[in-house]
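Enquirer: I'll drop the sequence and a predicted model, then ask my questions.
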Amino acid sequence: MDILICGGAGYIGSHMVKMLTGQGHQVTVFDNLSTGHQEAVPPGVQLVEGDLLRPDDLSSLFSRQHFDAVMHFSAKSLVGESVIDPALYYANNVVGTLNLLAAMRNHGVLKFIFSSSAAIFGNPIQARINEFHPQAPINPYGETKLMVEHILRDYHTAYGLKSVSLRYFNAAGADPGGEIGESHQPETHLLPNVLCSLLTKQKELKIFGQEYETPDGTCVRDYIHINDLCEAHLLALSFLEKNPGAHGFNLGNGNGFSVLEMIHAAEQVTGRKIAFTLAPPRAGDPATLVADSTFARQQLSWQPKYARIDDIIATAWNWHQNQRF
Ligand SMILES: NC(=O)c1ccc[n+]([C@@H]2O[C@H](COP(=O)([O-])OP(=O)(O)OC[C@H]3O[C@@H](n4cnc5c(N)ncnc54)[C@H](O)[C@@H]3O)[C@@H](O)[C@H]2O)c1
């Protein structure tokens, strides 16, 4: 297949590019490199530098090349920043996606896989979040993801666009080969911050909030390996062949780990003591976010391979020790 990967220079998108090319697909990356890295795109894969907010960048690409499907990873995704500057988020994540969908419509591309997020659910009302959980985002970032899901539903009804929205919980880990991994600036995700605090003396590790209603008072999250997420994208693409519609699946391991448990697990994997300081809670952080991915496992035949948190951390540790970008 000829597949366009929007945001393919970013953390999750670059792992998708590696997996697709490894399976013999023809891949093109479209990215403005705002948070992505040129070095994350392998030699031999075409990187088109462009911006979703410039429709001409998209129309010239789609006029030159045919695509069988589009996977859309591009987004601004810092929850706190979305609260401070929602206009940036509605423009980049919603208007940018509308521009992409317009280019697809104009060129008859009808398959779309979208990076959605657990943030569409807001504060959970049950221990594990399944697809029937109420959708009530508590920050503009989550709102942008939910808006796109609604747009995709309407575009299927009106224009026949087939789509799958994959709601990731916490993407974690790195390419087992160590070639690519997570590299954000600033980094807000726990695992890279834990590991980088061991490698860079200036990087002080902070724990935000210790009085959540969780067993040890710190936030609990569901960590899913990046390659398991990418596998789900491949399965979602095949699923669309037989199941036209606008679908949504929750992707996680189904196990929650607190911040303190993650630090402890990282100490086991690295064999080093990890120092941290305590800080007030961050706005917009629910106490617990854990997925029920039964539906994705059934419908997509998805079977995450990295069930153990130590294995996920080990791939990240391997990357951060030799981080290239
Ligand atoms: N990382 C997670 O744990 C997580 C969890 C839930 C959802 N998501 C979603 O998954 C997707 C990928 O996340 P990530 O962690 O890889 O993020 P990332 O920031 O590493 O990657 C996003 C990529 O999109 C590009 N981009 C952003 N805006 C663009 C624009 N206007 N035009 C062209 N390119 C643009 C960036 O340069 C970057 O390469 C995002 O949509 C994010 O919201 C991520």
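Expert: Yes, it's here.

Enquirer: Who are the contact partners of residue 325?
Expert: Counting by C-beta atoms under 8 Å, 6 or more residues apart in numbering, residue 325 touches 37, 39, 40, 183. In short, each C-beta sits where N, CA and C put it, glycine included.

Enquirer: hmm, try it at 10 Å
Expert: Counting by C-beta atoms under 10 Å, 6 or more residues apart in numbering, residue 325 makes contact with 9, 36, 37, 38, 39, 40, 180, 181, 183.

Enquirer: from the residues you listed, which single one is nearest the ligand?
Expert: For the contacts of residue 325, the residue nearest the ligand by C-beta to the nearest ligand atom is residue 36; the value is 2.1 Å.

Enquirer: where does the closest one land on pLDDT?
Expert: Per-residue pLDDT puts residue 36 at 98.

Enquirer: related to what we said a few turns ago, mind telling me the two of the contacts of residue 325 farthest from one another?
Expert: 38 and 181 (15.3 Å; C-beta to C-beta).

Enquirer: Comparing those two, which residue is more hemmed in?
Expert: residue 181 (25 against 12; other C-beta atoms under 10 Å).

Enquirer: wait, isn't residue 191 in contact with residue 266?
Expert: Yes: if you go by C-beta atoms under 10 Å, residue 191 and residue 266 touch, sitting 7.4 Å apart.

Enquirer: which neighbours do the two share?
Expert: With C-beta under 10 Å, 6+ apart, residue 191 and residue 266 have common neighbours 309, 313, 316, 317.

Enquirer: which residues does the nearest residue to the second one once chain neighbours are set aside contact?
Expert: Right, the one you point to is residue 313. Nearest residue to residue 313 in three dimensions, chain neighbours excluded: residue 269, at 4.6 Å (C-beta to C-beta, 6 or more residues apart in numbering). By C-beta under 10 Å, 6+ apart, the contact list for residue 269 reads 195, 309, 310, 311, 312, 313, 314, 315, 316, 317, 318.

Enquirer: And residue 121, by the same measure?
Expert: Residue 121 makes contacts with 129-131, 133-138, 142, 146, 167, 250, 286, 289, 291, as judged by C-beta under 10 Å, 6+ apart.

Enquirer: what do you get for residue 126?
Expert: Contacts of residue 126 by C-beta under 10 Å, 6+ apart are 132, 133, 134, 290, 292.

Enquirer: One more pass at 7 Å, please.
Expert: When the contact criterion is C-beta atoms under 7 Å, 6 or more residues apart in numbering, the partners of residue 126 are residue 133.

Enquirer: Any idea how far stretch 162-175 is from the middle of the chain?
Expert: Computed by C-alpha atoms, centre = their mean, to the nearest Å, the separation of stretch 162-175 from the middle of its chain amounts to 5 Å.

Enquirer: oh sorry, the question was meant for stretch 306-316
Expert: That offset, for stretch 306-316, works out to 17 Å (C-alpha atoms, centre = their mean).

Enquirer: can you dump the C-alpha coordinates of it into CSV?
Expert: Output of stretch 306-316 as CSV, limited to C-alpha atoms (Å, rounded to 0.1, in the frame of the first residue of the first chain):
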residue,chain,number,x,y,z
TYR,A,306,4.6,-6.1,25.8
ALA,A,307,2.4,-7.0,28.8
ARG,A,308,5.2,-6.5,31.4
ILE,A,309,6.1,-3.0,32.4
ASP,A,310,9.8,-4.0,32.9
ASP,A,311,10.0,-5.0,29.2
ILE,A,312,8.5,-1.6,28.1
ILE,A,313,10.9,0.3,30.4
ALA,A,314,13.9,-1.7,29.1
THR,A,315,13.3,-0.6,25.5
ALA,A,316,13.1,3.0,26.6
